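S.K.: Give the three-dimensional model of this entry:
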Amino acid sequence: MANQTNTSANYADDLPLNAEDERKIDVVGHAGLLLIACAIGLIANWVGTGTSPLTALPGMATLYVACIVGLALARFVPFYLPGVAWVSLIAILITIPGVPGATWVSEKVEHLNFLALATPALAYGGLALTASEFAIARRSGWKIVIVAICVMVGTYMGSVVVADLFLRLGQ
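M.R.: This is a model prediction of the structure:
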């Protein structure tokens, strides 16, 4: 039993625990990556909904600016708040009814389909595995596959129950 504890402790020491500090984020470098993501998003929106990329461009540009402003705030504001929180806050603020320009922003972003934008991002997230993640999976063995399958099935079943409940309440 002691041998297993030592082995587990050694594995824990090998895990990559150093997260990137968002306060040192390269906003200019991320701006280029966001441009690529926006271009892919426009294409996915076009394929998924048939909306012309030129029609959706103002909405995508608005999302791009909200992301850049959020990342800049995460970088330069003296207290820590994750970049995703800043981006969400900016997006919420620019769409609050009564805020100047909120109607225009809402009209332009309305041409974007969230699922069409999320699909390429989620596909990339699922495929973007690093060497350290493969090493962790190799060390974890076959048991992690069973846990992953149980988590996926449980999440799906939970979603089905909640959706069914709300559909029945709506009738």
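
S.K.: ranges for the helices of the chain?
M.R.: Assigned by DSSP state H, the helices in the chain fall at 2-14, 27-49, 53-76, 83-93, 102-109, 114-127, 131-140, 143-169.

S.K.: now, of those helices, which is deepest in the fold?
M.R.: Scoring the helices of the chain by mean neighbour count under mean count of other CB atoms under 10 Å gives helix 53-76 as the most buried, with a mean of 18. To be clear about C-beta, it is placed using only N, CA and C from the backbone, and glycine gets the same treatment.

S.K.: what helices or strands is that one leaning on?
M.R.: In terms of contacts (3 or more CB pairs under 8 Å, 6 or more residues apart in numbering; DSSP states H and E), helix 53-76 is packed against helix 27-49, helix 83-93, helix 102-109.

S.K.: Identify whichever of those helices lies nearest to Met60.
M.R.: Smallest distance to Met60 across those (CB to CB): 5.1 Å, for helix 27-49.

S.K.: The closest one vs helix 83-93, what angle?
M.R.: If you take axes from the mean of the first three to the mean of the last three CA atoms, to 10 degrees, helix 27-49 sits at 60 degrees to helix 83-93.

S.K.: and helix 27-49, average pLDDT?
M.R.: In this model, helix 27-49 carries a mean pLDDT of 92.

S.K.: among the helices and strands packed on helix 53-76, which is nearest Gly141?
M.R.: Using CB to CB, these put helix 83-93 closest to Gly141, at 32.6 Å.

S.K.: Contacts for that closest one next, please.
M.R.: Identification of contacts with helix 83-93 by CB atoms under 8 Å, 6 or more residues apart in numbering yields 22, 25, 63, 66-67, 69-71, 73-74, 77, 99.

S.K.: quick one: low-confidence ranges for this structure?
M.R.: Within the chain, the ranges that satisfy pLDDT under 70 run 1-22.

S.K.: How is it divided into domains?
M.R.: According to automatic domain parsing, the chain comprises the domains 19-128, 132-171.

S.K.: Please state the offset of the shortest one from the chain centre?
M.R.: Mean C-alpha position of domain 132-171 versus that of the full chain (CA atoms, centre = their mean, to the nearest Å) differs by 18 Å.
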